[in-house]
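1. give me a 3D structure for the following:
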Amino acid sequence: MTKKCIYCGAEVSDECVIDFCEKCGKSVWGEKMFNAILQNMETARANGDLCHDNVIKGVPRETNSFRGF
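-> As a prediction, this is how the structure comes out:
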């Protein structure tokens, strides 16, 4: 199963650490920032810091919801 780019819907490899294609990434952030984002995300994945199933169960999540005046 492949992921889809969040901007244009193009296919993105499941191996990719970002959820957008190279064309859109460079269009949104520019080439230099896109490359920095990609490098930092790949480093985070290599260090084990990028894991979506890394949720601690039973710990309440903090919310900063607005309660009005």
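2. where does pLDDT dip in the protein?
-> 1, 51-69 (pLDDT under 70).
3. pick out the residue closest to the middle of it.
-> residue 18 (4.9 Å; CA atoms, centre = their mean).
4. for the longest helix seen in the chain, which positions count as buried?
-> The single longest helix within the chain, with elements called by DSSP state H, is helix 31-46. Neighbour counts over helix 31-46 (16 or more other CB atoms under 10 Å) mark 34, 37, 38 as buried. Just so you know, the C-beta spots here come from the backbone N, C-alpha and C atoms, and that holds for glycine as well.
5. please name every helix or strand in contact with that helix.
-> helix 22-29 (3 or more CB pairs under 8 Å, 6 or more residues apart in numbering; DSSP states H and E).
6. what does the helix it packs on contact?
-> Here helix 22-29 makes contact (CB atoms under 8 Å, 6 or more residues apart in numbering) with 5, 6, 7, 8, 10, 18, 20, 34, 37, 38.
7. show me the residues you listed that map onto helices.
-> The members of the contacts of helix 22-29 that map onto helices under DSSP H are 34, 37, 38.
8. of those residues, which is the nearest to residue 14?
-> residue 38 (15.7 Å; CB to CB).
9. okay, the buried residues of helix 31-46 in a markdown table with distance to residue 47 next?
-> A markdown table is the format used below for the buried residues of helix 31-46 (distance: CB to CB, whole Å):
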| residue | distance to residue 47 |
| --- | --- |
| 34 | 21 |
| 37 | 16 |
| 38 | 15 |
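10. dump the residue contacts of the residue nearest to the residue nearest to the centre of the chain when sequence neighbours are not counted.
-> Leaving aside its sequence neighbours, residue 18 sits nearest to residue 41 (CB to CB, 6 or more residues apart in numbering; 5.8 Å). By CB under 8 Å, 6+ apart, residue 41 lies in contact with 17, 18, 50.
11. show me what contacts residue 45?
-> residue 17.
12. repeat that for residue 43.
-> By CB under 8 Å, 6+ apart, no residues touch residue 43.
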